[in-house]
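**Student:** Okay, here's the prediction I keep looking at, along with the sequence it came from:
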Amino acid sequence: MLLNNKLYKVAVPETQYCFRPNIFMWPNCTLLFGPLQHLTFHSMGSVAINVGLYHPFLITTENGAHTPYRCAIIPAGYKHQLNANGNIVACLIMEKNSNEFVNFKRHFSFHESFITGIADIKWIECFQKIYQEKPSKIETKQLLNQLFSADTMSNKNIDPRIDSIMQFIQNNPDSNHSQEYLASSVGLSASRFRHLFRQHSDIPFRRYRMWRRILSAMDTLHKVDNLTYAAMEAGFTDSSHFNRCFRDTFGVNPSLVFKNIDRFEV
């Protein structure tokens, strides 16, 4: 599909972060905007949709393949590099046990083991509108729901026992309960629990718990400009531990993002 020329608005930052990053966070969705250079190899803990607002971005996979995308769906746990040459990229992350993901999957076909390109212009238009007009958090969520053609009710295709554990981790990211304890709490053996958890989340239990801790720290860091406090509140041993996990997850140090964050969200 050919894209309208107006969608290729020039964005030439004088410095790497001339455009201030933006972030919205909901219980099951995270939306980030920012000018990106090179993100090292990383893998996120849930499904992400990346959109180049004005220019394509380049993704490099572990086998060395380089592919340009304007819009792409990145599966949970998929290791890759990203280079946008300083251009603005939106990244929408959805938890796999959420209604948002169920609605998304119902309306969009994609592969759950490798990257899928999106050739629909409405994705670019939607994220350009959010980035340029800076709507409220409520209005932004409404725009996303329209993009997904979201219904008010969705049936989750996930084992309720695993869903309950994922909800527990989400609400208690600093908890250190063992897999054996959590498996027993929902009537599963440890081995069966590990199998089902990975089946429904696409990543192992410990990786998912770390993912939720990272999101929790991000939520705190967005409100309180204190990296050490945010890391400890989320269950990390110290800020260095959080830095390493964040870099492995997003391919960049958190300080580079959050020291420039535009905290317009309410």
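**Tutor:** Alright, I've got the coordinates. Here the structure is a predicted model, which is why all the values come from computation and not from measurement.

**Student:** from the chain's centre, how far out does the lowest-mean-pLDDT helix or strand in the chain sit?
**Tutor:** Least confident helix or strand, the chain: helix 254-258 with a mean of 82, by mean pLDDT, DSSP states H and E. Here the centre of helix 254-258 is set off from its chain's centre by 16 Å, with Cα atoms, centre = their mean, to the nearest Å.

**Student:** Show me the contact partners of stretch 214-228.
**Tutor:** With Cβ atoms under 8 Å, 6 or more residues apart in numbering as the test, stretch 214-228 has contacts from 23, 25, 30, 45, 173-174, 229-231, 233-236, 238-239, 242, 245-246, 249, 254-255, 258, 261, 263, 265. C-beta here means a position set from N, CA and C on the backbone, and glycine is covered the same way.

**Student:** C-alpha coordinates for it, CSV please?
**Tutor:** Below are the C-alpha coordinates for stretch 214-228, written out as CSV (Å, rounded to 0.1, in the frame of the first residue of the first chain):
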residue,chain,number,x,y,z
ILE,A,214,10.5,-3.3,35.0
LEU,A,215,7.1,-1.9,34.1
SER,A,216,6.4,-1.1,37.8
ALA,A,217,9.7,0.7,38.1
MET,A,218,8.9,2.7,34.9
ASP,A,219,5.5,3.7,36.3
THR,A,220,7.1,5.0,39.5
LEU,A,221,10.0,6.6,37.6
HIS,A,222,7.5,8.4,35.4
LYS,A,223,6.0,10.1,38.5
VAL,A,224,9.0,10.4,40.8
ASP,A,225,12.4,11.4,39.4
ASN,A,226,14.4,9.0,41.5
LEU,A,227,15.8,5.9,39.7
THR,A,228,17.1,4.1,42.9
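
**Student:** average model confidence for the longest helix seen in the chain?
**Tutor:** Under DSSP state H, the helix in the chain containing the largest number of residues is helix 205-223. On average, the pLDDT along helix 205-223 is 93.

**Student:** Would you map the helices across this protein?
**Tutor:** Using DSSP H, helices in the chain cover 99-107, 121-133, 137-148, 160-171, 179-185, 190-201, 205-223, 227-233, 239-250, 254-258.

**Student:** so which of the ones you listed gets nearest residue 64?
**Tutor:** helix 239-250 (20.0 Å; Cβ to Cβ).

**Student:** For that closest one, list every residue counted as buried.
**Tutor:** 239, 242-243, 245-250 (16 or more other Cβ atoms under 10 Å).

**Student:** ok, now stretch 67-83?
**Tutor:** Buried residues in stretch 67-83, counted by 16+ other Cβ under 10 Å: 69-78, 80-83.

**Student:** Pick out the residue closest to the middle of the chain.
**Tutor:** residue 93 (2.9 Å; Cα atoms, centre = their mean).

**Student:** re earlier: quickly check the buried residues of stretch 67-83 for the two that are furthest apart.
**Tutor:** 70 and 77, at 23.3 Å, using Cβ to Cβ across the buried residues of stretch 67-83.

**Student:** and residue 66, how many neighbours?
**Tutor:** Using other Cβ atoms under 10 Å, residue 66 is surrounded by 10 other residues.

**Student:** beta partners of the closest residue to it other than its chain neighbours?
**Tutor:** Nearest residue to residue 66, sequence neighbours excluded (Cβ to Cβ, 6 or more residues apart in numbering): residue 60, at 5.2 Å. Per DSSP bridges, the residues bridged to residue 60 are residue 66, residue 81.

**Student:** List phi and psi for residue 236.
**Tutor:** Main-chain torsions, residue 236, degrees, to the nearest 10: phi -80, psi 150.

**Student:** Begin at 44 from now on, thanks
**Tutor:** Shifting the count to begin at 44 puts that one at residue 279.

**Student:** what sits against it?
**Tutor:** 256, 260, 285, 288.

**Student:** From those, pick the one nearest residue 81.
**Tutor:** For these, the nearest to residue 81 is residue 288 (19.5 Å; Cβ to Cβ).

**Student:** Can you tell me the closest non-neighbouring residue to residue 144?
**Tutor:** Residue 144's closest residue in space is residue 137 (Cβ to Cβ, 6+ apart), at 4.4 Å.
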